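Chemist: Kindly generate the corresponding structure for this input.
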Amino acid sequence: MQDTVTVFGKPYGTHQLLKFKTGPVILVVGSGLAAPGYTLLADESVAGDLFAVLASKVSGLACIARG
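Modeler: A predicted model of the protein is given here:
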C-alpha cells in the first residue's frame, strides 16, 4: 500500500491502493456522475474517519461528499 497519490491526471479507470490510518482505501479515476472526478472506496474500519476528514476540507471546493 502506498501513501503518495499517483493517479492524478491518469486515464479513466486507473486505480491505486492507499492506506488511511490502519485501513485500505482504493482511489479510482472516474466517478458515477457524468463529470470528471475520483472515487474513494474505504474499508469500513476507517470510512467514518476518512469521511469526516474529507468533509471538513471540502468547504468552498468543487467537491461532492457522498457517504
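Chemist: residues contacting G48?
Modeler: Counting by CB atoms under 8 Å, 6 or more residues apart in numbering, G48 makes contact with nothing. Where you see a C-beta, it was placed from the backbone N, CA and C, and this is true even at glycine.
Chemist: Tell me how far L27 lies from P36.
Modeler: 14 Å (CB to CB, to the nearest Å).
Chemist: and those two? which has more neighbours close in?
Modeler: Set L27 next to P36 and count neighbours by other CB atoms under 10 Å: L27 wins out with 19 against 9.
Chemist: Settle this for me: Y38 is touching V25, isn't it.
Modeler: No - Y38 lies out of contact with V25 (CB atoms under 8 Å); the separation is 11.3 Å.
Chemist: The residue most central in space within the chain: what's it in contact with?
Modeler: The chain has L40 as the residue nearest its centroid, 3.1 Å off, counting by CA atoms, centre = their mean. Contact analysis of L40 by CB under 8 Å, 6+ apart lists 25-28, 50, 54.
Chemist: Pop out the phi and psi values for it.
Modeler: phi -110, psi 130 (degrees, to the nearest 10).
Chemist: Repeat that for L27.
Modeler: Dihedral angles (degrees, to the nearest 10) for L27: phi -110, psi 120.
Chemist: got a list of what it touches?
Modeler: 5, 7, 15-16, 18, 38-40.
Chemist: And the strands in this protein?
Modeler: 15-20, 23-29, 38-42 (DSSP state E).
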